[in-house]
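Enquirer: Turn this into a model:
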Amino acid sequence: MKTRSFLIPALALAFCLGAMFTSRSQEAAVQPSARVEYVTLRWDGRDNTHVVYADGKVEFLREQFAGIRRPPKSGERAYYLTLAMNALAAKGYSFSGRTDDVIVMRRTVAK
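Expert: Residues are numbered from 1 along each chain as shown. From the prediction side, this is the model:
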(Lines give C-alpha, C1' and ligand atoms only; values in the text may rest on other atoms or scores of the structure.)
Protein backbone atom coordinates (compact mmCIF):
# COMPACT_ATOMS: atom_id res chain seq x y z
CA MET A 1 0.00 0.00 0.00
CA LYS A 2 2.80 2.40 0.86
CA THR A 3 4.30 1.93 -2.60
CA ARG A 4 1.07 3.07 -4.27
CA SER A 5 0.73 6.11 -2.01
CA PHE A 6 4.16 7.34 -3.14
CA LEU A 7 3.60 6.38 -6.77
CA ILE A 8 0.83 8.91 -7.51
CA PRO A 9 2.70 11.99 -6.15
CA ALA A 10 5.91 10.81 -7.86
CA LEU A 11 4.11 10.50 -11.20
CA ALA A 12 2.47 13.91 -10.73
CA LEU A 13 5.85 15.48 -9.95
CA ALA A 14 7.45 13.81 -12.98
CA PHE A 15 4.62 15.06 -15.19
CA CYS A 16 4.95 18.64 -13.89
CA LEU A 17 8.72 18.66 -14.34
CA GLY A 18 8.41 17.24 -17.84
CA ALA A 19 5.83 19.88 -18.77
CA MET A 20 8.03 22.64 -17.34
CA PHE A 21 11.14 21.57 -19.26
CA THR A 22 9.16 21.04 -22.45
CA SER A 23 7.67 24.53 -22.31
CA ARG A 24 11.10 26.08 -21.65
CA SER A 25 12.66 24.27 -24.59
CA GLN A 26 9.80 25.39 -26.82
CA GLU A 27 10.28 29.00 -25.68
CA ALA A 28 13.94 28.79 -26.61
CA ALA A 29 13.07 27.31 -30.00
CA VAL A 30 10.51 30.05 -30.70
CA GLN A 31 12.98 32.88 -30.07
CA PRO A 32 13.05 34.47 -33.51
CA SER A 33 16.21 35.30 -35.39
CA ALA A 34 14.36 38.27 -36.84
CA ARG A 35 13.24 41.61 -35.50
CA VAL A 36 10.05 43.56 -35.91
CA GLU A 37 10.03 47.14 -37.13
CA TYR A 38 7.12 49.53 -37.03
CA VAL A 39 6.04 52.48 -39.14
CA THR A 40 3.37 55.06 -38.38
CA LEU A 41 1.14 56.48 -41.05
CA ARG A 42 -0.24 59.83 -39.96
CA TRP A 43 -3.18 61.55 -41.62
CA ASP A 44 -2.80 65.32 -41.61
CA GLY A 45 -4.70 66.26 -44.74
CA ARG A 46 -3.91 65.25 -48.30
CA ASP A 47 -0.82 67.47 -48.52
CA ASN A 48 0.72 66.61 -45.14
CA THR A 49 0.05 62.89 -44.73
CA HIS A 50 3.33 61.14 -43.95
CA VAL A 51 4.98 57.88 -42.95
CA VAL A 52 7.55 57.72 -40.15
CA TYR A 53 9.84 54.72 -40.62
CA ALA A 54 11.70 52.77 -37.93
CA ASP A 55 15.00 54.49 -38.76
CA GLY A 56 13.45 57.94 -38.24
CA LYS A 57 13.06 58.75 -41.93
CA VAL A 58 9.87 60.69 -42.71
CA GLU A 59 8.25 60.35 -46.11
CA PHE A 60 5.52 62.81 -47.10
CA LEU A 61 2.99 61.28 -49.48
CA ARG A 62 1.99 64.54 -51.21
CA GLU A 63 3.81 63.57 -54.43
CA GLN A 64 2.28 60.08 -54.53
CA PHE A 65 -1.23 61.49 -54.04
CA ALA A 66 -0.77 64.27 -56.62
CA GLY A 67 -1.57 62.17 -59.68
CA ILE A 68 -4.46 60.27 -58.13
CA ARG A 69 -8.01 61.58 -58.38
CA ARG A 70 -10.42 60.55 -55.68
CA PRO A 71 -13.74 59.14 -56.95
CA PRO A 72 -16.74 61.39 -56.33
CA LYS A 73 -18.61 60.84 -53.07
CA SER A 74 -15.73 58.91 -51.49
CA GLY A 75 -14.22 60.13 -48.24
CA GLU A 76 -10.88 61.86 -48.74
CA ARG A 77 -9.26 60.51 -45.59
CA ALA A 78 -10.40 56.91 -46.04
CA TYR A 79 -9.49 56.86 -49.72
CA TYR A 80 -5.95 58.19 -49.41
CA LEU A 81 -5.12 56.26 -46.22
CA THR A 82 -6.23 53.07 -47.95
CA LEU A 83 -3.89 53.80 -50.85
CA ALA A 84 -1.03 54.47 -48.42
CA MET A 85 -1.71 51.30 -46.42
CA ASN A 86 -1.72 49.21 -49.59
CA ALA A 87 1.60 50.75 -50.67
CA LEU A 88 3.09 49.83 -47.27
CA ALA A 89 1.59 46.33 -47.49
CA ALA A 90 3.41 45.89 -50.82
CA LYS A 91 6.64 46.60 -48.88
CA GLY A 92 5.82 43.80 -46.41
CA TYR A 93 4.07 45.76 -43.65
CA SER A 94 0.83 44.61 -42.04
CA PHE A 95 -1.69 46.46 -39.89
CA SER A 96 -0.81 46.55 -36.20
CA GLY A 97 -3.05 49.17 -34.60
CA ARG A 98 -4.47 52.65 -34.83
CA THR A 99 -5.54 55.80 -33.04
CA ASP A 100 -7.73 58.59 -34.40
CA ASP A 101 -5.21 59.90 -36.91
CA VAL A 102 -2.30 57.42 -36.79
CA ILE A 103 -2.11 53.93 -38.27
CA VAL A 104 0.67 51.65 -37.01
CA MET A 105 2.00 48.95 -39.31
CA ARG A 106 4.78 46.43 -38.78
CA ARG A 107 6.92 43.93 -40.60
CA THR A 108 9.41 41.25 -39.61
CA VAL A 109 12.91 41.68 -40.96
CA ALA A 110 15.94 39.41 -40.68
CA LYS A 111 18.64 40.48 -38.24
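Enquirer: which residues in the chain form strands?
Expert: 34-42, 50-52, 58-60, 94-98, 102-110 (DSSP state E).
Enquirer: For residue 80, find the nearest of these.
Expert: Closest to residue 80 of these is strand 34-42 (Cβ to Cβ; 10.2 Å). Where you see a C-beta, it was placed from the backbone N, CA and C, and this is true even at glycine.
Enquirer: The closest one vs strand 94-98, what angle?
Expert: Between the axes of strand 34-42 and strand 94-98, defined by axes from the mean of the first three to the mean of the last three Cα atoms, to 10 degrees, the angle is 60 degrees.
Enquirer: thinking again about what came up before, want to throw the strands of the chain into a markdown table with mean pLDDT, mean neighbour count and distance to residue 81?
Expert: Below are the strands of the chain laid out as a markdown table (pLDDT from 0 to 100; neighbours: other Cβ atoms under 10 Å; distance: least, Cβ to Cβ, whole Å):
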| stretch | mean pLDDT | mean neighbour count | distance to residue 81 |
| --- | --- | --- | --- |
| strand 34-42 | 92 | 15 | 7 |
| strand 50-52 | 96 | 17 | 11 |
| strand 58-60 | 95 | 13 | 14 |
| strand 94-98 | 94 | 12 | 10 |
| strand 102-110 | 92 | 15 | 7 |
